[in-house]
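Provide a 3D model corresponding to the input given below.
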Amino acid sequence: QKGKRVYLVLEASDTSDNTHKRISDRCRFYNVRHVRIETTTEMLAVALGKSAALAAVALTDENLCRLAEKHISSQNN
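Purely as a prediction, here's the structure:
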């Protein structure tokens, strides 16, 4: 949705180098945290109920972002 603030971008781990660079560059430009997660583009789509593969998803809900960051940080420890 246009106009919503993005708090976090989650990117699938199997995106191409060009896609990864494009997502990284945009996140850096807009000062948005960007995390590459251990999932495929197909699994990301399935998790969100979509039929086409998704390279990334933007979280616009601050509470959901906090929950995702907490889960990501616990996975990295």
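
so the residue nearest to Val57 when sequence neighbours are not counted, which of the three states?
Excluding its sequence neighbours, the residue lying closest to Val57 (C-beta to C-beta, 6 or more residues apart in numbering) is Leu10, at 5.2 Å. C-beta coordinates here come from the backbone N, C-alpha and C atoms, glycine included. Look at Leu10: counting by DSSP: H, G, I helix; E, B strand; the rest coil, its state is strand.

Show me the strands in the protein, by range?
Listed from the start of the chain, the chain has strands (DSSP state E) covering 8-12, 33-37, 56-59.

Pick out the residue nearest the middle of the chain.
For the chain, Leu10 is the residue whose C-alpha lies nearest the centre (C-alpha atoms, centre = their mean; 1.3 Å).

That one pairs with what?
Going by DSSP bridges, Leu10 is paired in beta bridges with Val35, Val57.

low pLDDT regions in the chain?
1-2, 76-77 (pLDDT under 70).

residue ranges for the helices of it, please.
17-29, 41-47, 62-76 (DSSP state H).

give the contact list for Asn63.
Counting by C-beta atoms under 8 Å, 6 or more residues apart in numbering, Asn63 makes contact with nothing.

circling back to that earlier point, check the strands of the chain for me and report the most buried one.
When those are scored by mean count of other C-beta atoms under 10 Å, the highest mean neighbour count falls to strand 8-12 (a mean of 21).

Summarise which helices and strands that strand is packed against.
helix 17-29, strand 33-37, helix 41-47, strand 56-59, helix 62-76 (3 or more C-beta pairs under 8 Å, 6 or more residues apart in numbering; DSSP states H and E).
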